[in-house]
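*Asks:* Sequence and predicted model, in that order:
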Amino acid sequence: GGEEEAAMDGLFGCCNVRKSSGIPENPTGAGSLSQPSQAVDSATPSKLSSGVPRQSLAGVGIVFLGVPGDGLVVQAFDKGGPAETSQKVKKGDILQTINGEKVASMTDQELAKNLLGAPNSKVTLGMERKEPPEFFEVEIVRGWPKSDA
């Protein structure tokens with residue numbers, strides 16, 4: 001659907017906030033989100049630019065917000081999603097690494113490729129928390145929000 005495509009487009013667009021290297025606003029070539037602070041839902045992809053269908057990709061269930069000076073800040077969670085059920089990540093935490101790789105050095109495509117993966121596969125997110133100040137890693141099993149549907 002259009003919302004899922006917009007969410008994926010936002011996943012790529014959100015990270016331009018912290019980039020100054022001239023990365024295109026819309027590298028997927030789909031959709032029209034131009035707000036760098038657009039919220040991103042990493043657990044509801046429809047397909048990547050490679051044409052991989054949604055059924056073969058799962059996310060961590062975190063809605064990130066691109067914040068100048070901070071990077072990708074946890075804004076919300078998919079209700080019943082992997083990150084929410086882990087209870088280890090909190091709103092306001094800042095994504096620093098994915099599987100040990102610094103997100104600041106990733107392209108938008110690499111961010112999506114690293115956040116999304118096969119259902120039930122594991123991903124390690126390195127998070128920074130401001131209060132109390134700490135860096136921690138959390139292993140999350142990729143999946144979709146649990147629903148009654």
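*Replies:* Cool, the structure landed.

*Asks:* State the helix or strand in which G80 lies.
*Replies:* Using DSSP states H and E, G80 maps to neither a helix nor a strand.

*Asks:* and it, how many neighbours?
*Replies:* 15 (other C-beta atoms under 10 Å). The C-beta positions use only the backbone N, C-alpha and C, and glycine is treated the same way.

*Asks:* tell me the pLDDT at the closest residue in space to it that isn't next to it in sequence?
*Replies:* Closest residue to G80 apart from its sequence neighbours, by C-beta to C-beta, 6 or more residues apart in numbering: K146 at 3.8 Å. Note for K146: predicted pLDDT of 79.

*Asks:* Check A118 too.
*Replies:* 94.

*Asks:* give me phi/psi at it?
*Replies:* With angles defined as degrees, to the nearest 10, A118 sits at phi -60, psi 140.

*Asks:* Please tell me how far it sits from G80.
*Replies:* 19 Å (C-beta to C-beta, to the nearest Å).

*Asks:* now I98
*Replies:* For I98 relative to G80 (C-beta to C-beta), the value is 22 Å.

*Asks:* Of all the residues in stretch 87-100, which ones are buried?
*Replies:* V89, D93, I94, L95, Q96, T97, I98 (16 or more other C-beta atoms under 10 Å).

*Asks:* the strands in this protein, which residues?
*Replies:* Under the criterion DSSP state E, the chain contains strands at 40-41, 62-67, 71-77, 94-98, 101-102, 122-129, 134-141.

*Asks:* What is the last one packed up against?
*Replies:* Think strand 134-141. helix 82-86, strand 122-129 (3 or more C-beta pairs under 8 Å, 6 or more residues apart in numbering; DSSP states H and E).

*Asks:* what bits of this structure have low per-residue confidence?
*Replies:* 1-55, 147-149 (pLDDT under 70).

*Asks:* picking that back up, among the strands of the chain, which is the most enclosed?
*Replies:* strand 40-41 (a mean of 26; mean count of other C-beta atoms under 10 Å).

*Asks:* Hmm, G117 and N99 touching each other?
*Replies:* No: the criterion here is C-beta atoms under 8 Å, and N99 misses it with G117 at 9.9 Å.
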